[in-house]
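# My questions are about this predicted structure, shown below with the sequence.
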Amino acid sequence: MRYGTTSSACAALIRRDLLLTWRRRGDALNPALFALMVVVLFPLALGPEPNQLAAIAAGIVFVAILLAGLLALDTLFRSDHDDGTLEQLVLSPHPLSLLLASRIAVHWLTTALPLIVIAPLLAEMLHLPRSVLPVLLTALALATPLLSLLGAVCVALTVGMRRSGMLLALLVLPLYVPVLIFAAGACNAAQVGLPFLAPLLWLGAALVMALVLAPLACAAALRISIT
Amino acid sequence: MSIHPGVVHYNPLAHRFPMPPTGLEAAPNATWPRLMTVDHSHSEIPLLLAQGLAYARNDEPVFGPLDFTLNRGEVVLIEGDNGSGKTTLLKVLSGLLEPVSGSIQLDGEELTLARLSHQVALLGHLPGLKLDLTAEENLDFSIGVFGLRAGVTPPLALASVGLEGYENVLVRQLSAGQKKRVALARLLLVPAALWLLDEPYANLDQEGIDLVNRLLDAHARRGGAALVTSHGAYAFTTGTPRRLPLRPAA
């Protein structure tokens, strides 16, 4: 008789999610392709004037990545809810918040990390000065986990509903606004030679807070929407 | 191999798993978990004790108040029409839903949503299987989360539900009945003593129905217990289980 420990449960969940992502690896590229297409739309609409594009490049990259993350968010608990796995997870004797934190971590790894990887390409397409690129990547590294954690709480609230996509967007986007302001603000400041450290620190502080609190809120929300 | 002299029990796993001691000897083999001994009918603490249990959805009573006990070695059939609250009762007993009144004691300890137990396994309407994983990968995940009963492995459990050779087949490619069997194999693997089975006979052929009955029988003889819902279409083929009629709350 061997009872599963919490660490073995989290490890099993992470292994399962990575395996599932690998089995459907074609889908994993979709958020990155979506962000790429959104970025392509802007020069088409605004004209290919490099200076004009460079001025708004960081903002466009962030909005594109934020929207791509929003579209990927619905998959976080959807299939687990539809096939009954979520019920099993809630019934497991381990802290639900830790299990969900592992789930969110893998979701970030498989949906947000590809977006960070293509971010230099997106920035180059919009003529963002290369000197701003390190700030852009740092801001993304801090902002995307924050977006995943905030989004997860809202997904947990809406997972019991059918066709919750639009409602989810309406719930999530107001929460994303401060993240966007700080992340894009850091890049804009770096671009015009102003100090950019403060907004990055704010992002870091918010991320630390969300790392602790979001899984707890997510677990509470999930219990409500399952019952 | 039989537990009681003169009575031959059919145990689908007997040829693969060593039999636990019967509890009649002086128990030199203290490594066997307490769960594995048989005949707990005289033990003072029932596995499950529900007192005044009632549930209401939006102030609309669903069932109860109910009082019942479930001892180790017992299989109880919950009977009731559609909408009588069978599924809800199982969800309340598993700890998934909070009852509006009454208490549930599991092995003498209060069961609440905040304190879920290793002792309960719920098989609901949804099998809880990932279509893009193989049968064995699904079972491995469940072992990681819920733990593993002594002496069982995923291939053995799959073999005992009649899915030998299906270890590396994606669950997507299995039929509805075979998926149900994979879900049953999960029950064999997890160390829970109390099985809550919601319509386990759905989607199963006659052979599958017999299989469920044999698994329940073997589980009861291991010292486990089970609550099974059915709307009465299938009866147990062996023995006469205790029945718990459930009527919609007035």
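Perfect, I can see it now.
# and residue 122, how many neighbours?
Just going to use chain A. Neighbour count of residue A:122, defined by other C-beta atoms under 10 Å in any protein chain shown: 23. The way it works is simple: take the backbone N, C-alpha and C, and place the C-beta from them, glycine included.
# actually chain B
Residue B:122 has 23 neighbouring residues, counting by other C-beta under 10 Å.
# so who does it touch?
A:87, A:88, A:91, B:90, B:91, B:94, B:96, B:196, B:198 (C-beta atoms under 8 Å, 6 or more residues apart in numbering or on different chains).
# Out of those, which sit inside strands?
Applying DSSP state E to the contacts of residue B:122, the entries found in strands are residue B:196.
# who does the lengthiest helix in chain A touch, helix- and strand-wise?
If you go by DSSP state H, chain A has its longest helix at helix A:197-226. Helix A:197-226 makes packing contacts with helix A:85-91, helix A:96-107, helix A:133-158, helix A:165-191 when contacts are defined by 3 or more C-beta pairs under 8 Å, 6 or more residues apart in numbering or on different chains; DSSP states H and E.
# Let's see if you can find the most crowded of the contacts of residue B:122.
Result: residue B:196 is most packed of the contacts of residue B:122 (other C-beta under 10 Å), 28 neighbours.
# show me the contacts for residue A:165.
By C-beta under 8 Å, 6+ apart, the contact list for residue A:165 reads residue A:74.
# neighbours around the residue in chain B positioned nearest to chain A, how many?
For chain B, the residue closest to chain A is residue B:144, as judged by C-beta to the nearest C-beta, at 2.3 Å. Residues near residue B:144, counting by other C-beta under 10 Å, number 22.
# host element of it?
helix B:135-146 (DSSP states H and E).
# Tell me the predicted confidence for residue 183.
All of this refers to chain A. Per-residue pLDDT puts residue A:183 at 95.
# my bad, chain B
For residue B:183, the model assigns a pLDDT of 93.
# On the three-state scheme, it is what?
helix (DSSP: H, G, I helix; E, B strand; the rest coil).
# Identify the residues contacting the residue positioned nearest the centre of chain B.
Centre of chain B computed as the mean C-alpha position; nearest residue by C-alpha atoms, centre = their mean is residue B:195, 2.0 Å away. The contact partners of residue B:195, by C-beta under 8 Å, 6+ apart, come to B:121, B:123, B:187, B:216, B:219, B:224, B:225, B:226, B:227, B:228.
# rerun that using 6 Å as the cut-off
Residues in contact with residue B:195, defined by C-beta atoms under 6 Å, 6 or more residues apart in numbering or on different chains, are B:121, B:187, B:226.
# quick one, phi/psi of the residue nearest to it when sequence neighbours are not counted?
Nearest-residue entry for residue B:195: residue B:226, 4.0 Å, with adjacent residues in sequence omitted and distances by C-beta to C-beta, 6 or more residues apart in numbering or on different chains. Backbone torsions of residue B:226, given as degrees, to the nearest 10, read phi -150, psi 140.
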